[in-house]
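J.: Please find the sequence and the predicted model below.
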Amino acid sequence: MTTDREHVPVSNILAMHLGLKEVPLLDENDRQGSGFYTVSEFREILQYAKERHVEVIPEIDVPGHAFSAIKAMQYREQDLRQFKSDGTRQSYILSDYVSGVQAQQGWLGSSINPCLNATYSFVETILTDLQSIYKGIEKLKLVHLGGDEVPDGVWENSKTRKSLLQDSSLDHSAIKKLFIVKVADIARRHGLKFSLWEDGIYNATQGPYDANEFKQTEVLVNAWNNIWEARIGHTFDGHPFIF
């Protein structure tokens with residue numbers, strides 16, 4: 001039987017639209033307005049979709065479009081210090097520097113830092129939470145992790161980048177690639193297939209990342225910025241894609 005797919009952005013630059021057990025502060029910006037789903041409400045959507053043969057694909061957009069996640073985790077860290085956490089709760093500080101580089105929407109400090117270990121712990125926690133939300137209704141098979149519209153130079157002056165990445169060849173594109181390959185492997189270890197927006201898998205000067213560099217059997221690419229008539233767009237050699 002044919003199954004349709006519904007792509008659902010769970011996070012964006014301004015808010016997290018789904019309450020998550022391990023990082024509840026992510027949703028505080030959205031609780032006051034529309035567009036927020038409790039876990040119970042989201043599970044109702046999953047059940048409704050399953051009955052109609054629709055697979056719900058959640059998107060957590062990283063490393064760009066993450067202003068709300070960065071700020072929420074900063075506030076969470078303040079709470080941990082204020083209430084003197086016993087140290088059992090994971091820290092998720094996702095940025096150590098706000099550059100003067102604006103994202104396409106004009107935001108500063110909206111990209112999480114691939115040079116911080118907490119970044120990968122954060123992604124792992126989000127995936128674990130999402131899998132638990134799907135459990136008992138339908139197995140989560142595919143997760144979309146964004147990757148789009150990360151402004152050039154946004155990590156250039158990060159202290160962590162400077163201390164860890166002495167190799168001068170590790171420019172913005174190389175750092176983003178390290179991030180994408182690493183989070184793809186995190187998804188693989190969770191038993192999940194993995195998808196990205198087209199510029200998430202693309203080096204502006206060298207073309208698409210080599211599919212052989214991923215431990216995933218495949219990385220699915222969502223094309224969104226291709227205008228064939230104007231010869232504008234990307235190629236995705238070795239990667240399955242969706243237009």
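T.: That came in fine, so what should we check first?
J.: Where do the helices of this protein begin and end?
T.: For the chain, the helices defined by DSSP state H cover 28-31, 39-51, 67-82, 117-134, 159-164, 172-189.
J.: Give me the contacts around the second one.
T.: In this case it means helix 39-51. Applying C-beta atoms under 8 Å, 6 or more residues apart in numbering, the contact partners of helix 39-51 are 6, 18, 19, 20, 21, 37, 55, 56, 133, 134, 137, 138. Where C-beta positions appear, they are placed from N, C-alpha and C, glycine not excepted.
J.: ditto for stretch 186-204
T.: Contacts for stretch 186-204 (C-beta under 8 Å, 6+ apart): 57, 120, 123-124, 127-128, 131, 140-150, 173, 177, 180, 183-184, 208-209, 215-216, 218-226, 234, 236, 239, 241.
J.: try it again with 6 Å
T.: 123-124, 127, 141-144, 147-148, 173, 184, 208-209, 215-216, 219-224, 234 (C-beta atoms under 6 Å, 6 or more residues apart in numbering).
J.: tell me the pLDDT at residue 217?
T.: What the model reports as pLDDT for residue 217 is 76.
J.: Relative to residue 160, which of the contacts of helix 39-51 is nearest.
T.: residue 20 (25.2 Å; C-beta to C-beta).
J.: residues near the nearest residue to the closest one once chain neighbours are set aside, how many?
T.: Leaving out its chain neighbours, the residue that sits closest to residue 20 by C-beta to C-beta, 6 or more residues apart in numbering is residue 129, at 4.4 Å. Number of residues near residue 129 (other C-beta atoms under 10 Å) recorded here: 18.
J.: quick one: residue 129 from residue 173, how far?
T.: The spacing between residue 129 and residue 173, counted by C-beta to C-beta, to the nearest Å, is 30 Å.
J.: ditto for residue 222
T.: Going from residue 222 to residue 173 by C-beta to C-beta gives 20 Å.
J.: Compare those two and say which is more crowded by neighbours.
T.: Using other C-beta under 10 Å as the criterion, residue 222 and residue 173 rank with residue 222 on top: 20 against 16.
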